[in-house]
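Participant: dropping the sequence and predicted coords here.
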Amino acid sequence: MPNPQDLAEKLWKSLKADRTLMLSLAGVEGGASQPMTALIESEAPGSPLWIFTAKDTDFAAEMGARHAAVAHFASKGHDIFATLEGEVLADNDRAVIDRLWNPYVAAWF
């Protein structure tokens, strides 16, 4: 059986490759999970997940500046299933946006 560190490394590697997860805001009534694309710059467990969304979405409005969130992930091969809990926060740092922007993100905007 894999140890927790090996599982965490496999999870982050899978997240970096697959990118799609279901994200919801904790405690928001009727706040269904939404498919989102997570961008990861590092496969190190605990690295930030970067998610782009427009400012005028319901998700962004309910989130405000920061909010507790829950993400659910299943890898394409179905060998990793995970629930991640943490916070989402608005970050409009132009350098980060420019660094992470790519044709897949652009397709949504």
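Facilitator: It's in.
Participant: which residues of this structure fall in helices?
Facilitator: 4-18, 58-63, 94-100, 103-106 (DSSP state H).
Participant: mind giving me the packing neighbours of the first one?
Facilitator: On a contact count with 3 or more C-beta pairs under 8 Å, 6 or more residues apart in numbering; DSSP states H and E, helix 4-18 meets strand 66-74. Every residue, glycine included, has its C-beta placed from N, CA and C.
Participant: what's the closest non-adjacent residue to the residue most central in space within the chain?
Facilitator: Nearest to the mean C-alpha position of the chain, by C-alpha atoms, centre = their mean, lies Ala38 at 4.0 Å. Closest residue in space to Ala38, ignoring its immediate chain neighbours: Leu49 at 4.2 Å, by C-beta to C-beta, 6 or more residues apart in numbering.
Participant: distance of that neighbour relative to Asp56?
Facilitator: 22 Å (C-beta to C-beta, to the nearest Å).
Participant: same question, Glu29
Facilitator: According to C-beta to C-beta, Glu29 and Asp56 sit 21 Å apart.
Participant: okay, those two: which has more neighbours?
Facilitator: A side-by-side neighbour count of Glu29 and Asp56, using other C-beta atoms under 10 Å, places Asp56 first with 7 against 4.
Participant: could you measure from that one over to Trp108?
Facilitator: 13 Å.
Participant: on that earlier part again, make sure the residue nearest to the centre of the chain is actually in contact with Leu21.
Facilitator: Yes: counting by C-beta atoms under 8 Å, Ala38 sits close enough to Leu21 to count as a contact (5.5 Å).
Participant: list the residues that contact both of those two?
Facilitator: Residues within reach of Ala38 and of Leu21 at once, by C-beta atoms under 8 Å, 6 or more residues apart in numbering, are Leu15, Leu49, Ala71.
Participant: out of these, which is nearest to Arg94?
Facilitator: For the shared contacts of Ala38 and Leu21, the minimum distance to Arg94 (C-beta to C-beta) is 19.3 Å, reached by Leu49.
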